[in-house]
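>>> Here you go, sequence then predicted model.
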There are 2 protein chains.
Amino acid sequence: MPCGTAGTVKAVPQDILEELGAQIILGNTYHLYLRPGHEIVRNLGGLHRFMSWERALLTDSGGFQVFSLSGLRKVTEQGVHFRSHLDGTSHLFTPERSIEIQIALGADIIMAFDECTEHPAERSRVRESMEMTLRWARRSKVYFESHKNEVPWAEKWNSEFPNTEQNTEIQLKPGPGTGQPGPTQALFGIVQGGMHADLRRESAERTVEMGFAGYAIGGLSVGEPRAQTLEMIAAALEVLPLDRPRYVMGVGYPDEIVQYAAMGVDMMDCVLPTRAARHGLLFTSEGRLNIKNLRFAQDLGPLDPQCGCKVCARYSRAYLRHLFVSREPLAGALNTLHNLRFYLDTMRAVRHAISLGDFSGTLLGRVSMT
Amino acid sequence: MPCGTAGTVKAVPQDILEELGAQIILGNTYHLYLRPGHEIVRNLGGLHRFMSWERALLTDSGGFQVFSLSGLRKVTEQGVHFRSHLDGTSHLFTPERSIEIQIALGADIIMAFDECTEHPAERSRVRESMEMTLRWARRSKVYFESHKNEVPWAEKWNSEFPNTEQNTEIQLKPGPGTGQPGPTQALFGIVQGGMHADLRRESAERTVEMGFAGYAIGGLSVGEPRAQTLEMIAAALEVLPLDRPRYVMGVGYPDEIVQYAAMGVDMMDCVLPTRAARHGLLFTSEGRLNIKNLRFAQDLGPLDPQCGCKVCARYSRAYLRHLFVSREPLAGALNTLHNLRFYLDTMRAVRHAISLGDFSGTLLGRVSMT
């Protein structure tokens, strides 16, 4: 899932995202709450309509962004007090507030409010944080159940799609995992538990007991070695039900996402393809390359000879290097388009391999150099 | 002609420029000489190939950019000594050097090296500057005539298009005004003469005597009142031959370009549509608007209800305002796309009116609010 932080996948117009085959993109609750404000987005019909994106959307809970971006953060049982990184104003996110905001934004999938445990952390601290995330998950769910019909497109939905059987768009709007089409969002729970496999399992078990439309594994890719990430994901997956989407948050490199998909992960998001692109780091079938490197200054070849994207079809490495070195806005747009294509192609290959029942050597080999 | 300063119309990919119907775009010799360097562009086959743009290109002489961007400028009869705005290195542009660089870049139309007289200036200073521009025009032409076959695509041209009759692409490559298709560029002369109609006429006469493929009117839109711009253009047009392209450099607002076209001007370029777009100033059929204005925060309407561009077809003013206020890179891309469409639509309407033999009320009314 490409990241569309402030209601836009940075530098990429929505029609290009459609062409690239993005099925779902993320919005960040923290950013959209601060600007333009969730009330405005609600008044305008929700995030889909606001950003003109008819495909699926997911919003995070805002917890992680508060953790990583805002100033003067203070966490209590009630929630998180923080100052806006934009203007220093004081705000409070609670589980109830996060869900209220996410209902106003109206994404198809919304996330329970959690605490992303810092790393490294003592076991006692990890347990304490995990227990609070579980209490916050319950509060998130309670609030959601009693307000889920307040989603901005509920009325429009009911009037426009009275007979859901007749409309193909139905696939995008209903709550995934509910088995029922309808005008509510899908609320996902989040597994925490730091770098302790037993706590991960316990967190997963107790989150599943509460019952969510899908389950995310959070608090990973925070600086731990890859082997530990794998161990934590494996521990959670042992417990998470197969008939619900399983989502690892904030990962990863192309080889990682293939590996996690092979383990049974259904969804992933990461700023890496888009952020790296804006910094000139490009993913190709021949490995990563940094486009600002002098050796590309007179290279008339495409970024990636194996890639079918618009950028590789038309522009040379020499031109892309020139755009990047000259800080031209087109550099970010073209680099991002290519990296997203590489990621989405990677996941298309994964889905194809799954559909063929073959998820092994060739596919993993494809991204082994990246 | 949209401005593609450093080999890119800022924030707009080439396929979008093609969709918008841009027939010709500008490159700036000063920028491309400094980065990536004209030798690199020549080695890569010229600017068309470097930026993947098969339609027409025009490069300016570099004189105006040196005047407006570089530090420590010193003008002598020989040429202009200047320091790069990028790294402070010392450089010298002479008429010969400017043409040498422009031949290396390989645009379809290139410009004689001129001095853009400062405004205001005493009549004696204007004459002196105009006389030097005339001497520089002759030096430009002499250099061009003896080096015009060194254009980077000459060899490719001769091998790929031996029979020019059979190839429609021929319309783009030959020197305009020569009456003959072939692998050389078209060199345009530039009329100066400050704000003195008699000097403008004299400059035009003596430039035409030298004989160029087309003629530009430079040194306008430098702070003088509109009536004076019109008077200077009219004076030059009295003299410039009707059978050669007549180009007013660096103009203007939508109503200006219509007015100048009505006077008989064939070509214009300006950074206004692209630069204004990046600053949130948008041109519409209902007048100019500044997209950052708070009144657009909840405006679900399109930027311009009369516009058929991709931006007006898909996005609301509220969303465009959000992108701009949030400094999202997509803001520049979408705003520029719209403004270019408005300008190119304006010129399409002008051409249509000319083809109908009706160039009056309705058309001028269309842009009177802008």
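Now that the structure is in, tell me what you want to look at. For clarity, every value in this text was computed on a predicted model and none was experimentally measured.
>>> so residue A:88 is in which element?
Assessed by DSSP states H and E, residue A:88 sits outside every helix and strand.
>>> mind listing what it touches?
With contacts defined as C-beta atoms under 8 Å, 6 or more residues apart in numbering or on different chains, residue A:88 is in contact with residue A:71. Where you see a C-beta, it was placed from the backbone N, CA and C, and this is true even at glycine.
>>> Next up, the contacts around residue A:251.
By C-beta under 8 Å, 6+ apart, residue A:251 lies in contact with A:220, A:221, A:229, A:257, A:260, A:268, A:270.
>>> distance of the residue most central in space within chain A from chain B?
Residue closest to the average C-alpha location in chain A (C-alpha atoms, centre = their mean): residue A:269, at 3.3 Å. Note on residue A:269: its distance to chain B, by C-beta to the nearest C-beta, to the nearest Å, is 19 Å.
>>> Secondary structure added to the contacts of residue A:251, as CSV?
Below are the contacts of residue A:251 laid out as CSV (DSSP: H, G, I helix; E, B strand; the rest coil):
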residue, secondary structure
A:220, coil
A:221, coil
A:229, helix
A:257, helix
A:260, helix
A:268, strand
A:270, coil
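>>> Can you tell me which of those residues lies closest to chain B?
Among the contacts of residue A:251, residue A:270 lies closest to chain B (C-beta to the nearest C-beta), at 18.8 Å.
>>> what pLDDT does the closest one get?
pLDDT recorded at residue A:270 is 95.
>>> so who does the residue of the stretch 201-350 of chain A found nearest chain B touch?
The nearest approach of the stretch 201-350 of chain A to chain B comes at residue A:329, 4.0 Å away (C-beta to the nearest C-beta). Counting by C-beta under 8 Å, 6+ apart, residue A:329 touches A:11, B:10, B:11, B:329, B:332, B:333.
>>> What of residue A:94?
A:78, A:79, A:80, A:113, A:139.
>>> Please convert the buried members of those into PyMOL selection syntax.
Those of those that meet the burial criterion (16 or more other C-beta atoms under 10 Å in any protein chain shown) are gathered into one PyMOL selection, given here:
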select buried, chain A and resi 79+80+113+139
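>>> Near chain B, which residues of the stretch 1-150 of chain A? Just list them.
By C-beta under 8 Å from any C-beta of the partner chain, the residues of the stretch 1-150 of chain A that approach chain B are A:6-8, A:10-15, A:35-36, A:40, A:43-45, A:50-52.
>>> Buried ones among the residues you listed?
Buried by 16+ other C-beta under 10 Å: A:6-8, A:10-14, A:36, A:40, A:43-45, A:50-51, out of the residues of the stretch 1-150 of chain A next to chain B.
>>> Please name the residues that touch the residue nearest to the centre of chain A.
So residue A:269 contacts A:1, A:2, A:3, A:26, A:58, A:247, A:249, A:250 (C-beta under 8 Å, 6+ apart).
>>> isn't the fifth one right next to residue A:105, touching?
No - the pair residue A:58 / residue A:105 is not scored as a contact, 10.3 Å apart, by C-beta atoms under 8 Å.
>>> shared neighbours, these two?
Residues touching both residue A:58 and residue A:105 (C-beta under 8 Å, 6+ apart): residue A:27.
>>> any weak-confidence spans in chain A?
A:157-182, A:360-370 (pLDDT under 70).
>>> In it, where's the longest helix?
helix A:329-356 (DSSP state H).
>>> just the angle between that helix and helix B:329-356, please?
110 degrees (axes from the mean of the first three to the mean of the last three C-alpha atoms, to 10 degrees).
>>> Name the residues of helix A:329-356 that are buried.
A:329-347, A:349-350, A:353.
>>> you'd agree residue A:264 is up against residue A:246?
Yes - contact criterion C-beta under 8 Å: residue A:264 and residue A:246 qualify, at 6.5 Å.
>>> Looking at the two, which is more packed in?
A count of neighbours by other C-beta atoms under 10 Å in any protein chain shown puts residue A:246 above the other of residue A:264 and residue A:246, at 24 against 13.
>>> Nearest residue to residue A:1 in space, ignoring adjacent ones along the chain?
In space, and not counting its chain neighbours, residue A:1 is closest to residue A:269: 4.1 Å by C-beta to C-beta, 6 or more residues apart in numbering or on different chains.
>>> Quick check: the gap between the closest residue to residue A:242 other than its chain neighbours and residue B:240.
Nearest residue to residue A:242, sequence neighbours excluded (C-beta to C-beta, 6+ apart): residue A:264, at 7.5 Å. Applying C-beta to C-beta, to the nearest Å, the value for residue A:264 to residue B:240 is 74 Å.
>>> just residue A:110 next, same as before
66 Å.
>>> Settle it for me: which of the two has more neighbours?
Neighbour comparison, residue A:110 and residue B:240: the larger count goes to residue A:110, with 29 against 26 (by other C-beta under 10 Å).
>>> That one - that's part of a helix, no?
No - the assignment for residue A:110, made by three-state DSSP, is strand rather than a helix.
>>> contacting residues for it?
Residues in contact with residue A:110, defined by C-beta under 8 Å, 6+ apart, are A:58, A:59, A:61, A:99, A:102, A:103, A:144, A:185, A:186, A:187, A:188.
>>> tell me the contacts of the second one?
Applying C-beta under 8 Å, 6+ apart, one finds that residue A:59 lies in contact with A:26, A:27, A:28, A:29, A:32, A:47, A:102, A:105, A:107, A:109, A:110, A:111.
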